[in-house]
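Student: Mind looking at a prediction? Sequence and model below.
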Amino acid sequence: MLEACELSKAYGANLALNALNLRVAPGEIFCLLGANGAGKTTTIHLFLNFIAPSVGVARIGGFDVSRDTGQARQMVAYLPENVALYPRLSGVENLDYFSRLSGHRYAKKQLRNFLMAAGLLEEAADKPVANYSKGMRQKVGIAIACAKEAKVLLLDEPTSGLDPQASYEFSNLLRTLADSGVAILMATHDLFRVKESGHRAGIMKGGKMLTVLNTGEISAAELERIYLQYMQAGLHVAEAAL
Ligand SMILES: Nc1ncnc2c1ncn2[C@@H]1O[C@H](COP(=O)(O)OP(=O)(O)OP(=O)(O)O)[C@@H](O)[C@H]1O
């Protein structure tokens, strides 16, 4: 569903992303881990065609995002760290607006149902989003993705700044979406949530994907230990620790 082949991005002499090869299947949650500057956002921006690759290809649903941009965009929804909504419009109105942009017209009842399914409380749906917490805005973002019937969801640090309960609820939502067949690629620093909600986690450093771990096979403590070893040491030392 989501595929990177030798995907690379150079800024002058700086290789922000270095020959990434990655496949994320329908129903899978793949987490990108790595320190600041590792190349996580660059990867997501390449899939969104916000930036062009220097080398390699990013595909969504088999479409090359640089060449078949319209088809690829139709399949994808993006949740940045802070979901951009119209503050004076309510949750329902924002959802209606963004759904129309993606070619969907829903009755008010259906719009409310998407918001409820994303965990927004019914009484909040008609209030201006200017008064929403970050967690509530993220829920509207998920509702927008569901209403768009996106097959692929790209997220950049979606749980940063969320309280533990909101973060927990958000992770459950992602699992539900994945269970319905959505392929999810998420950049995050939240190792605990990666273990709880991700199926695989890739550890990146200096634009390189150093290793990919199956989260079901390791504990949260092991994930943290391996992550720190990759961050602190060279590749070979960290591999010896696996
Ligand atoms: N527009 C740009 N021009 C030049 N260099 C850039 C640009 N965007 C990103 N970079 C560089 O690319 C590298 C990867 O950055 P990227 O934003 O992908 O990291 P990240 O893993 O998402 O970090 P963070 O956790 O801070 O979000 C960094 O060295 C960054 O300085």
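Tutor: Yes, it's here.
Student: Am I right that S167 sits in a strand?
Tutor: No. Read with DSSP: H, G, I helix; E, B strand; the rest coil, S167 is helix and lies in no strand.
Student: That one: what's it in contact with?
Tutor: Contacts for S167 (Cβ atoms under 8 Å, 6 or more residues apart in numbering) come out as 159, 190, 193. In this view, the C-beta of every residue, glycine as well, is placed from N, C-alpha and C.
Student: nearest to L17, of these?
Tutor: D190 (21.6 Å; Cβ to Cβ).
Student: ok, the closest one to the ligand distance?
Tutor: Look at D190 and the ligand: by Cβ to the nearest ligand atom, to the nearest Å, they are 12 Å apart.
Student: what's near enough to touch that residue?
Tutor: Listed by Cβ under 8 Å, 6+ apart, the contact set of D190 reads 159-160, 167.
Student: Check it and give its pLDDT.
Tutor: D190 is assigned a predicted lDDT (pLDDT) of 91.
Student: Then Y97?
Tutor: Looking at Y97, the pLDDT reads 96.
Student: I'd say it and Y86 touch.
Tutor: Yes. Here Y97 reaches Y86: they are 6.9 Å apart, a contact under Cβ atoms under 8 Å.
Student: Sheet partners, orientation included, of the strand or helix carrying Y78?
Tutor: Per DSSP states H and E, Y78 falls inside strand 76-79. Next to strand 76-79 in the sheet, as set by DSSP bridges, lie strand 152-156 (parallel).
Student: Restricting to C-alpha, output the strand it pairs with in PDB.
Tutor: C-alpha atoms of strand 152-156 as PDB (Å, rounded to 0.1, in the frame of the first residue of the first chain):
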ATOM      1  CA  VAL A 152      -3.200   5.400   3.900                       C
ATOM      2  CA  LEU A 153      -2.700   7.600   6.900                       C
ATOM      3  CA  LEU A 154       0.500   9.500   7.500                       C
ATOM      4  CA  LEU A 155       1.100  11.000  10.900                       C
ATOM      5  CA  ASP A 156       3.900  13.300  12.200                       C
END
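Student: The residue nearest the centre of the chain - nearest residue in space that isn't next to it in sequence?
Tutor: Central residue of the chain (Cα atoms, centre = their mean): L155, 2.1 Å from the mean position. Nearest-residue entry for L155: M186, 4.2 Å, with adjacent residues in sequence omitted and distances by Cβ to Cβ, 6 or more residues apart in numbering.
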